[in-house]
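> any chance you could fold what I've pasted below:
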Amino acid sequence: MRPMRRGFRPVFPRLHGAAAWLAAALVVGSVVYALAHDGFGPLLLLIPRAVLHGFLWQPVTYGFVADSPMGVIFGALILWQLGGALEQTWGTRRMVSFAVGTTVLAGVVTVLLALVIRTLALLPFAGGFVMGSVLWVAYGLSFGRQRLNFWGLPVSGNVFALIGVGFVFLEGAFSGFLRVIPEAAALLLTFGYLRLGGPSSWILRLQSWRLQRQLRTRSKHLTLVSPDRNTPRDSDRFIQ
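As a prediction, the model looks like this:
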């Protein structure tokens, strides 16, 4: 790779760790799906009606299946590279929890929408690009206005994230917007996670709120001693 100019952050830093395993899982899942296409392969995809009839593993397995060779290649590269970059910034646990959790939740949202939009019920969804999309957009938004190098072009993190959203829009424009429902749901979840915080942040906020409430409750009976009491001028005030 061409060396970066000072002031720009590389989009593809050193790769290692859990991101490589996610990319490998995508490749393996996609190959298994392709080889067993006439057998159990379609059961790895997300089919909302099938999930409602007991195939509960599909919101997990669909995220590791791409249904085209280019989808496998680019999906694995995104998971490996951008996932590796986020892993270095966020840590392994947070990155994996975010990538897999957001993809699974997007699948669940798609299943719930199928209860209202009947045409979704029988559509098969391969979610390899869902996980790639959330990592792409999360990486961009995490840098905000800071500069990144997008294949030689200096762009801000927000623009980089917008490019990821544009990929999803183009996919919907060419193949039908119903087919990118999981990607759209995942991007909304990603934006909410980065702006509002994840479950751990909300748990900490709840604990902080409960602690403050307890302190206010315990302090209601406390009164400040009046300065008019028989105390020297340089004496501290006491709480009783």
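> pLDDT weak spots in the chain?
Within the chain, the ranges that satisfy pLDDT under 70 run 1-16, 197-240.
> ranges for the strands of it?
In the chain, the strands defined using DSSP state E lie at 9-10, 147-150, 153-156.
> quick one: which of those is nearest A85?
strand 9-10 (8.2 Å; CB to CB). Quick note: C-beta positions are derived from backbone N, CA and C, even for glycine.
> if we can go back for a sec, need the winner for burial among the strands of the chain.
Compared across those, strand 147-150 shows the largest average neighbour count, a mean of 18 (mean count of other CB atoms under 10 Å).
> follow-up on the earlier one: tell me which of the strands of the chain approaches V104 most closely.
Set against V104 and scored by CB to CB, those come closest in strand 147-150, at 27.8 Å.
> list the strands paired with the closest one, with their directions.
Strand 147-150 has its sheet partners listed here by DSSP bridges as strand 9-10 (parallel), strand 153-156 (antiparallel).
> and the longest one, how far out from the chain middle?
If I follow you right, that is strand 153-156. Distance of strand 153-156 from the chain centroid (CA atoms, centre = their mean, to the nearest Å) equals 22 Å.
> other residues contacting it?
Residues outside strand 153-156 that contact it (CB atoms under 8 Å, 6 or more residues apart in numbering): F8, F143, G144, R145, Q146, R147, L148, N149, I163.
> can you put the residues you listed in CSV and add distance to V72?
Converted to CSV, those look like this (distance: CB to CB, whole Å):
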residue, distance to V72
F8, 30
F143, 27
G144, 31
R145, 34
Q146, 31
R147, 31
L148, 25
N149, 25
I163, 21
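> G140 contacts V165, doesn't it?
No: distance between G140 and V165: 9.2 Å, which falls outside the contact criterion (CB atoms under 8 Å).
> between these two, which one's more packed in?
G140 (26 against 18; other CB atoms under 10 Å).
> which residues does the more buried one contact?
G140 neighbours (CB under 8 Å, 6+ apart): L148, G157, N158, V159, F160, A161, L162, I163, G164.
> mind running it again at 10 Å?
By CB atoms under 10 Å, 6 or more residues apart in numbering, the residues touching G140 are 11, 82, 146, 148, 150, 155-165, 194.
> drop anything exposed from those.
Buried by 16 or more other CB atoms under 10 Å: V11, L82, L148, V155, S156, G157, F160, A161, G164, V165, L194, out of the contacts of G140.
> take these and keep only those in helices.
L82, G157, F160, A161, G164, V165, L194 (DSSP state H).
> can you redo those residues as TSV with distance to I117?
Formatted as TSV, those follow (distance: CB to CB, whole Å):
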residue	distance to I117
L82	31
G157	33
F160	31
A161	27
G164	24
V165	22
L194	27
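> quick one: which of these is nearest L35?
Nearest member of these to L35, counting by CB to CB, is L82, at 27.7 Å.
> that closest one contacts W90, doesn't it?
No: L82 is beyond contact range of W90, at 11.6 Å (criterion: CB atoms under 10 Å).
> which neighbours do the two share?
With CB under 10 Å, 6+ apart, L82 and W90 have common neighbours A138, Y139.
> what's near enough to touch G83?
15, 17-23, 76-77, 95-96, 98-99, 131-132, 135-136, 138-139.
> what subset of the residues you listed is buried?
If we count by 16+ other CB under 10 Å, the contacts of G83 have these buried: 15, 17-20, 22-23, 76-77, 95-96, 98-99, 131-132, 135-136, 138-139.
> having no further points to raise, I will conclude here.
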